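Engineer: pasting the sequence and the predicted coordinates here, then a few questions.
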Amino acid sequence: MTVLETAGVAVPGTHRGRTLGWWGVMLTIATEGTIFMALLAAYYFVRAVSPEWPQGGIKPPELKLISIFTVILLASSVPMFWAERAVKRNKRGQLQAALAATFVMGLAFLIHQGYEFAKLEFTIDENAYASLFIVITGLHGLHLLIGLLISSVVQVKAARGWFDAERHTTVEVFALYWHFVDVVWIFVFSSLYLSAHIR
């Protein structure tokens, strides 16, 4: 290792490994992923020992609209991949367009989730099913909200020309977080929505 590498200065032709930001996001993903796994495990445990599901005569969640918005949310990863590719090619306009598209799609999903919450016919303290449903979907919504706030910051930086083919760690780590939120929703949707209609 050269003196410059030891000092943290990039040297052409050398490999410095992953950045601190990358490792920080990966640690966050591992931690939050564990929390979601624990909550979903609790959901399936309570379901296994309950004589009826959902409990208390609660109707299974409607699938029509949430299915549409699920497609929208998962599809938001496509422009995110586009953003990663664009920044590595110094395509500033494409980067901004891709980030904006991802933001709009994520926001549409979050607005629908707020609409769903407003229509809920049960409260968090009604029974175990109600508690788990609200906590799990609410926690995912919180993660999505955080993602949108991060996206806003990234978009401002992109508009100011902070990123190029050599400097794009922020875009990379944001993409990791966004894809994580999308993947988590696949498990949440499958468990809380789809499986609730299976007797």
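Structural biologist: Great, that's in hand. Numbers count the residues shown, from 1 in each chain.
Engineer: rounded mean pLDDT for stretch 22-38, please.
Structural biologist: Average pLDDT, stretch 22-38: 95.
Engineer: what is the burial count for residue 38?
Structural biologist: Around residue 38 sit 10 other residues, with neighbours defined as other C-beta atoms under 10 Å. For glycine as for every other residue, the C-beta is placed from the backbone atoms N, C-alpha and C.
Engineer: the one 4 residues further on too?
Structural biologist: Taking other C-beta under 10 Å as the criterion, the count of residues near residue 42 is 15.
Engineer: so where's the chain uncertain?
Structural biologist: Scanning the chain with the threshold set as pLDDT under 70 gives 1-16.
Engineer: same thing but 90
Structural biologist: Counting by pLDDT under 90, the ranges of the chain that qualify are 1-22, 165-167, 198-199.
Engineer: longest helix anywhere in it?
Structural biologist: Criterion DSSP state H: the longest helix present in the chain is helix 128-159.
Engineer: what helices or strands is that one leaning on?
Structural biologist: helix 20-49, helix 92-119, helix 169-188 (3 or more C-beta pairs under 8 Å, 6 or more residues apart in numbering; DSSP states H and E).
Engineer: distance to residue 86 for those helices - can I get that in CSV?
Structural biologist: Shown next, in CSV, are these (distance: least, C-beta to C-beta, whole Å):
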stretch, distance to residue 86
helix 20-49, 19
helix 92-119, 4
helix 169-188, 9
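Engineer: so which of those helices is nearest residue 151?
Structural biologist: Evaluated over these, closeness to residue 151 peaks at helix 92-119, with 4.7 Å, by C-beta to C-beta.
Engineer: now residue 120: closest residue in space that isn't a chain neighbour?
Structural biologist: Closest residue to residue 120 apart from its sequence neighbours, by C-beta to C-beta, 6 or more residues apart in numbering: residue 134 at 7.4 Å.
Engineer: how about residue 197?
Structural biologist: Leaving aside its sequence neighbours, residue 197 sits nearest to residue 60 (C-beta to C-beta, 6+ apart; 5.0 Å).
Engineer: correct me if wrong: the one you found contacts residue 52.
Structural biologist: No. Using C-beta atoms under 8 Å, residue 60 is not in contact with residue 52, being 11.2 Å away.
Engineer: neighbour count winner among those two?
Structural biologist: Neighbours were counted for residue 60 and for residue 52 using other C-beta under 10 Å; residue 60 has more, 15 against 11.
Engineer: three-state assignment of that one?
Structural biologist: coil (DSSP: H, G, I helix; E, B strand; the rest coil).
Engineer: pull up the gap between it and residue 117, please.
Structural biologist: 16 Å (C-beta to C-beta, to the nearest Å).
Engineer: swap in residue 37?
Structural biologist: Taken as C-beta to C-beta, the span from residue 37 to residue 117 is 23 Å.
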